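>>> fold the following, please.
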Amino acid sequence: MNYELMIDTFPKLLGGSYITIQLVTISLFIGFCLAIGLALLRLSNNYFLNFFAKTYVFYFRGTPLLVQIFLIYYGIAQFEVVRESLAWIFFKEAYWCGILALTLNTCAYSSEIIRGGIQSVPFGQIESARSTGMSRFLLYRRIILPIAFRQALPAYGNEMILMVKATSLVSTITIMDITGIARLVIAKTFSPVEIFIAAGLIYLTINFIITRLISYCEFKLTPYLQKSE
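All right, here's what the predicted structure looks like:
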C-alpha cells in the first residue's frame, strides 16, 4: 500500500469535492422543490395529473441513473432541433446535463418520501384545523407539510446520502468531480486501490457530516427530545 501516494492525492481529490458538493446541493434543492409539487399531484383526485405523476416516478425509479445521464447527455444531442435551439447552450455542457439528470432522479424518489410523510399526518389534526376554518392552502402550510417533513426527514436523509454517492456517476460524462479526478490520477499512476480508498474517505466524510446535520434537525424538530435533555 503506497500511503505516500494517498497523501499526495488527497489535495487533488479535495479539489473535486467542490464540484461534488455543488452537484449535490443544486440537484437536491431543485429536486426537493419539484418533489413537493409532484407529491401533491400523486395525491390529486384528477386522473390525468395523478397518471402523469405515477408515470414520472415509475420511469425515474425504475431505470438506472447512469442510463438517465447517458440519455440526457448523449441522447438529446442527437436531435438537430435541439442543437439549433437556445436549449443547446444548456445541453452541450456536461455539468448542466449532470445536474438535470440528478435533479430529475432525486425528484422522483423525494416525491414518494414526501407523499408518505403527508399520508402519515394524523387525520384528527387535519379535521381540527378544518374546524377552525383554515383554507386548504393554510392547512397545508401550517399543519400538513410541517408534520410531513418531520415524518419524512429520516428517509430523506437517506436520499441525501444516496445522492452524494450517485454523483460519482457523472464522471462518465467528463465531469471532474471526486471520482472523475480519481480516475484521471489512476490513469497516470496505475494505483487504483490507493486512489479509490482516498476518494472513498472523502465521500465518507461528506456523508458523515450529512448524517450529523440530519440528526440535529430531527432533534430540533422533536420537542419531547429537547425537553428530556
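>>> hey, let's count contacts and neighbours off CA atoms from now on
Will do.
>>> could you list the low-confidence segments of this protein?
By pLDDT under 70, the low-scoring segments of the chain are 223-229.
>>> show me what the longest helix seen in it packs onto, helices and strands only.
Criterion DSSP state H: the longest helix present in the chain is helix 3-42. Here helix 3-42 touches helix 47-62, helix 94-119, helix 145-166, helix 178-189, helix 192-220, going by 3 or more CA pairs under 8 Å, 6 or more residues apart in numbering; DSSP states H and E.
>>> right, and the ones you listed - which one's nearest residue 88?
When the helices and strands packed on helix 3-42 are compared by CA to CA, helix 94-119 sits nearest residue 88, at 10.7 Å.
>>> how about the next helix or strand after that closest one: buried residues?
Next along the chain after helix 94-119, taking DSSP states H and E as the criterion, comes helix 123-131. Buried residues in helix 123-131, defined by neighbour count with 16 or more other CA atoms under 10 Å: residue 129.
>>> before we move on, the earlier item: highest average neighbour count across the helices and strands packed on helix 3-42?
Greatest average neighbour count among the helices and strands packed on helix 3-42 goes to helix 94-119 (a mean of 23), per mean count of other CA atoms under 10 Å.
>>> switch the helices and strands packed on helix 3-42 over to a markdown table; also include distance to residue 9.
Shown next, in a markdown table, are the helices and strands packed on helix 3-42 (distance: least, CA to CA, whole Å):
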| stretch | distance to residue 9 |
| --- | --- |
| helix 47-62 | 35 |
| helix 94-119 | 23 |
| helix 145-166 | 20 |
| helix 178-189 | 8 |
| helix 192-220 | 7 |
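>>> of all those, which one comes closest to residue 7?
Closest among these, using CA to CA: helix 192-220, at 8.1 Å.
>>> what about the closest one, distance to the chain center?
15 Å (CA atoms, centre = their mean, to the nearest Å).
>>> same deal with stretch 14-27?
12 Å.
>>> output it as PDB - backbone C-alpha positions only.
Presented in PDB, the C-alpha positions along stretch 14-27 are these (Å, rounded to 0.1, in the frame of the first residue of the first chain):
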ATOM      1  CA  LEU A  14     -10.500  17.600  -2.400                       C
ATOM      2  CA  GLY A  15     -10.500  20.000  -5.400                       C
ATOM      3  CA  GLY A  16     -13.100  17.700  -7.000                       C
ATOM      4  CA  SER A  17     -15.200  17.700  -3.800                       C
ATOM      5  CA  TYR A  18     -16.200  21.300  -4.600                       C
ATOM      6  CA  ILE A  19     -17.900  20.100  -7.800                       C
ATOM      7  CA  THR A  20     -19.400  17.100  -6.000                       C
ATOM      8  CA  ILE A  21     -20.900  19.300  -3.300                       C
ATOM      9  CA  GLN A  22     -22.200  21.700  -6.000                       C
ATOM     10  CA  LEU A  23     -23.900  18.900  -7.800                       C
ATOM     11  CA  VAL A  24     -25.500  17.500  -4.600                       C
ATOM     12  CA  THR A  25     -26.600  20.900  -3.300                       C
ATOM     13  CA  ILE A  26     -28.200  22.200  -6.500                       C
ATOM     14  CA  SER A  27     -29.800  18.900  -7.500                       C
END
